[in-house]
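1. I would like to see how this sequence folds:
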Amino acid sequence: METTPDDDERMALTQAIVNLLDHWGANAEGQVSILALPAGTRAGAMRQFRKNTPFPDDQKVLERIEHLLGIADALRTAHPRNANMDAIWMNRPNRQFDQRTPLAVMIEDGLDGVVMVRAHLDCAYDWRTSAP
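-> Next comes the predicted model:
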């Protein structure tokens, strides 16, 4: 049986994700897009998520959050000594994404973009750790 997080856990997760996206340099509109918040969600709603409103209990949003946490973990693993490298990497044009930044890929390509960024990081990390 799957358990659902209580309100305090949901609020802590919401604030952590908003802080992560802020750190990466995503503006409010980009955050709404990356998270696939329900239709009609205005960029101004991000203020409420920062303060006291948890993200909606929506499968699309939860799937994005899971991928974002995976991306953050992969970046932390790839750059353990520099906490700012993740923001730098997210905003640097990347040849794997046709010279678009990973952040732009996630905003412009939706779930496919989020998955592409995560897969790229997971494959890059796995390649480094398994190389002879």
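2. lowest confidence element among the helices and strands of the protein?
-> None of the helices or strands of the chain scores lower by mean pLDDT, DSSP states H and E than helix 102-130, at a mean of 84.
3. show me what it is packed up against.
-> Other elements packing on helix 102-130 under the criterion 3 or more Cβ pairs under 8 Å, 6 or more residues apart in numbering; DSSP states H and E are helix 28-35, helix 59-78, helix 85-90. The C-beta positions use only the backbone N, C-alpha and C, and glycine is treated the same way.
4. give me the residues contacting the shortest one.
-> Applying Cβ atoms under 8 Å, 6 or more residues apart in numbering, the set of residues contacting helix 85-90 from outside is 23-25, 72, 75-76, 78-79, 101-103.
5. for the longest one, same thing?
-> Residues lying outside helix 59-78 but in contact with it, judged by Cβ under 8 Å, 6+ apart, are 13, 17, 20-21, 34-37, 55, 85-86, 89-90, 111, 114-115, 117-118, 121-122, 124-125, 128.
6. now do the contacts for residue 21.
-> 30-31, 34-35, 68.
7. 7 Å - rerun?
-> Listed by Cβ atoms under 7 Å, 6 or more residues apart in numbering, the contact partners of residue 21 are 31, 34.
8. pLDDT below threshold where in this structure?
-> Low-confidence regions of the chain, defined here as pLDDT under 70, cover residues 1-5, 124-132.
9. give me the most central residue, this protein.
-> Nearest to the geometric centre of the chain sits residue 68, at 3.1 Å (Cα atoms, centre = their mean).
10. ok, it to residue 81 distance?
-> For residue 68, the distance to residue 81 under the criterion Cβ to Cβ, to the nearest Å works out to 22 Å.
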